[in-house]
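Q: Sequence and predicted model, in that order:
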Amino acid sequence: MPRISGIEPSQANLLTRIVYWMAKRQLGRTIQPLQVTAHQGRLLWGMGQMELAQMKMHSVDEALKALAAIKTATLIGCPF
C-alpha cells in the first residue's frame, strides 16, 4: 500500500485522464505509481516523455532492457 493516495480518474485533469487511458490500453489497468505521480503534472509529463523515448530506442535488445529494469528494481528495492 502506498504512503500517498493516488489521484482517481474522476478527480484528474484532461492530461492525466489521457495518460490513464493510454496506460489502461497498454497494461489493462491504471497502475498505482502512475496515480501517485499524477499529483505533479510536470513530473507526469516528463516521465511520460522519458518512457516514450525509451520505447522508441531500438539500439538495445528488448530482452536486455527488461533484464536491466529488473536488476535496477532489485537494487533499489522497488516493490513494483
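A: Sure, I can see it. Please read these numbers as outputs of a predicted model, since none were measured by experiment.
Q: could you check the distance from the spatially most central residue of the chain over to residue 12?
A: Residue closest to the average C-alpha location in the chain (CA atoms, centre = their mean): residue 34, at 5.0 Å. As for residue 34, its distance to residue 12 is 11 Å (criterion: CB to CB, to the nearest Å). All C-beta spots, glycine's among them, are computed from the backbone N, C-alpha and C.
Q: just residue 63 next, same as before
A: Distance from residue 63 to residue 12, by CB to CB: 34 Å.
Q: likewise residue 59?
A: Separation of residue 59 from residue 12 (CB to CB): 35 Å.
Q: more neighbours, these two?
A: residue 12 (19 against 4; other CB atoms under 10 Å).
Q: Now do the same contact list for the more buried one.
A: Residues in contact with residue 12 (CB atoms under 8 Å, 6 or more residues apart in numbering) are 20, 38.
Q: Now with 10 Å, please.
A: By CB atoms under 10 Å, 6 or more residues apart in numbering, the contact set of residue 12 is 6, 18, 19, 20, 30, 35, 38, 41, 44.
Q: How about residue 71?
A: Neighbouring residues of residue 71 by CB under 10 Å, 6+ apart: there are none.
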